[in-house]
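need a structure here:
(2 chains)
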Amino acid sequence: MLRRTFLGMLGATCVGASLPAGAEAAGKEFKGYPGSKGVLFDATRCIGCRKCEAACNKVNKLPAPEKSFDDLAVLDTKRRTDAKTHTVVNKYGTPEHPVFRKSQCNHCLEPACASACFVKAFKKLPNGAVVYDESVCVGCRYCMVACPFEIPTYEYDEPLTPRVMKCDMCAPRQAKGQLPGCVAECPKEALVFGTRDELIKIARERIRRNPDRYVDHLYGEDEMGGTSWLYLSGVPFNEIGMREDLGTKSAPELTAGALAAVPMVAGLWPVLLGGIYAVSKRNSKVADEERKEAVENAIAKASAEAEKTLSEALEKADVANKRQIEVEVKKAVEEALKPAEEEEAENSEKEES
Amino acid sequence: MSTPANNGPKSAFNTFNLVAGAILLVGLVLTVLRFTQGIGPVTNLDDNNPWGIWIGFDLLCGVALAAGGYTTSAACYIFGLKRFHSAVRPAILTAFLGYALVVFALQYDLGRPWRLPYPIFVSQGTTSLLFEVGLCVMLYLTVLFVEFTPAMFEWLGWKKIRKVVMKLTLVLTIFGVVLSTLHQSSLGALYTIAPSKLHPLWYSPYMPLYFFVSSIAAGMSMVIFEGSMSHKKLHRMMDEEYLKHHDGVVFGFGKAAALVLFGYFFIKVMGVAYDNNWHYLTSGYGLLFLTEILGFVALPCFLYGVGVRDRNLGLIKKASIITVLGIVFNRFNVSMVAFNYHLPASERYFPSMIEIGISVFIVTLGVVIFRFITTRMPIFFEHPDYKGDH
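This next block holds a predicted model:
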């Protein structure tokens, strides 16, 4: 009884724990919340003024940078976002024809960070923003491993309350009907805020009107299942530090197989192992019985043989004994008769004389 | 009398205690550093390399090398190979300590370690493979603890509760294999989310399977390796029963490990074929990959085979060492060397001395506790009160 209940509980826990994950991951293609917002970045319009960086710093009340945002020499070295910087602009291309590219969280439609987080600290909001809740974060940093765009950063210097830091598409400002800080400050309209569907149309229109100016690709439309930030560029995207080998599978799709196997293992392994146990137990039982039987047979055979030998020996002994007795009797008779014969002979001799 | 005398170490100031004591002392200092300064100042981790040696070694290798627990108990109780019985207790103890130390080591790596129960009790992120790892490790640690308790109860003389636990053996074993299958493979599956970061020779949709199968070889090799180490250092604690079966266990596990490594070698090659990654084999990473599967999978597989055929105990023990090193090599490759292969050399990760120090500290702690327990509790010998009772 105990064993069966226990196995049942085991099955229930494992399957129960894994089912929602499996079901969600193996779900149909998700093309984002309808009407969700996004930002279109046009690299052909960006002049690398770093106004967006300054705005981001101000809006998010981040610590002041070492060098002021007016210092454009910073652009000569490649930078990435960090715990104190939610967005950076990098310079690519040749000195004569520099190309600038802004980077920040791309707010994936199906975010790798949210899918990877084991405490649901990340959430994709219907308005498009991917937000982070530090109140449950354990600080495992799997989100950073998972993010294909290398965006989440970590407060490594914080001994007790480190947070994962990244752009939240100014979700609080959006809630108040304001533009994200960077978009509001951009002097060249390199950033456009709107619903993702509209942005795709705008981008397609720009490419259609100026086919010579743009590469015919809207980065972020399909990459990693699609992102809320979209990019237009005049040069191939890998030349402005954007990976073109990410594929179009979203993070949940990548892990769906592994997650789907969980309930199967939890369901089938006990059956398989129980079966193996039963077979091996049965085998050893049969082997035991056979051994016992063989031993019994051997004993029976041996005792039968022993008996036979004994009786044969006895018989032989009997015969031998009889013969001996006969011989002895004969001898005795002979010996008994001898004196009589001698007497007889003596007597007859006497008679003759 | 077959039960060895409980003499304990001859003097408290032997070489082992002095070295271990020094390491533990340094470890304590580093621990204080870590929890007062934060992760940043003591490690070389950064935003591009969030996971270092504390995950690559302490977690990934720790869990794989503790796989002897489920492989040995499954062989003995499920597959009915009773001759492995003497190896079960040392293997269970190693596994229990291994997992306990994995969880302990995790405290160093986590930003807010006291929130470790959160994924299970506060906010369940069920879409995460790390959630599965966490849940299974927690449950399996409990299973291992219960499986270990009979030795403790015998030591304490608590007969009734020991009897109850002994009755659960089969259920616990099955539970243990299920949980091990799940979390061993999930550790590999953790990386399936990052195809763009892990080198194609190591990235594969089969990664969960690779991690699971290699954990079996790792577990069995650890039982052989550890058995021979204990044989040298803890011989006085072993009874005739254990010693009588020791060679048989080594041969049995050697044979099984040869088979598992054989299968593992082929599924690794099939992984390369599946993604048509042959052309990478001629690159630098290809050389690394070939070293891994030829030198640390095919070679020990062959050595195990020859060792079993020739009844050569020494060769089998050598093969076990190569296999153990191979697992460490593989886990390092996946988590650190082949991970972030696309980054320029200047942005790559190499562990700091403090990170390595903490890892050494944790391994030492494990050895010390193992010694403490095996020199007191009936691990390598049968308790006189419970002879032949299994």
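
in the stretch 251-390 of chain B, which segments are predicted with low confidence?
B:388-390 (pLDDT under 70).

contacts only, for the residue in it that chain A sits nearest to.
Chain A sits closest to B:His342 of the stretch 251-390 of chain B, with a gap of 7.8 Å, by C-beta to the nearest C-beta. Glycine gets a C-beta too; all of them are placed from N, C-alpha and C. Shown in contact with B:His342 (C-beta atoms under 8 Å, 6 or more residues apart in numbering or on different chains): A:243, B:196-197.

so which of those is the most crowded?
Neighbour counts for those (other C-beta atoms under 10 Å in any protein chain shown) peak at B:Lys197, which has 21 neighbours.

what sits against it?
Neighbouring residues of B:Lys197 by C-beta under 8 Å, 6+ apart: A:145, A:148, B:339-342.

relative to A:Pro263, how far out is B:Pro119?
If you measure B:Pro119 against A:Pro263 using C-beta to C-beta, to the nearest Å, the figure is 19 Å.

the more surrounded of these two?
Using other C-beta under 10 Å, the more surrounded residue of B:Pro119 and A:Pro263 is B:Pro119, with 26 against 20.

isn't A:Thr248 right next to A:Gly225, touching?
Yes - A:Thr248 lies in contact with A:Gly225 (C-beta atoms under 8 Å); the separation is 6.5 Å.

just the contacts of B:His342 now: which is nearest B:Thr142?
Within those, distances to B:Thr142 taken as C-beta to C-beta reach their minimum at B:Lys197, with 33.3 Å.

can you name the residue of chain B nearest chain A?
Closest residue of chain B to chain A, C-beta to the nearest C-beta: B:Gly111 (1.9 Å).

what about residue 282, neighbour count?
Just going to use chain A. A:Arg282 has 11 neighbours, counted by other C-beta under 10 Å.

oops, chain B please
Count around B:Thr282 with other C-beta under 10 Å applied: 10.

same thing with A:Leu218?
Residues near A:Leu218, counting by other C-beta under 10 Å: 21.

and the closest residue to it other than its chain neighbours, what are its phi and psi?
Spatial nearest neighbour of A:Leu218, excluding adjacent residues (C-beta to C-beta, 6 or more residues apart in numbering or on different chains): A:Ala203 at 4.9 Å. A:Ala203 adopts backbone torsions of phi -60, psi -50, taken as degrees, to the nearest 10.

all strands for chain A, in order.
A:37-42, A:88-93, A:98-103, A:122-124, A:130-132, A:153-154, A:164-165, A:191-195, A:229-232 (DSSP state E).

let's have these in CSV, adding mean neighbour count.
Output for these, formatted as CSV (neighbours: other C-beta atoms under 10 Å in any protein chain shown):
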stretch, mean neighbour count
strand A:37-42, 25
strand A:88-93, 19
strand A:98-103, 20
strand A:122-124, 20
strand A:130-132, 22
strand A:153-154, 24
strand A:164-165, 24
strand A:191-195, 19
strand A:229-232, 25
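
how about the stretch 51-200 of chain A: which residue is closest to chain B?
Proximity of the stretch 51-200 of chain A to chain B (C-beta to the nearest C-beta) peaks at A:Gly139, 1.9 Å away.
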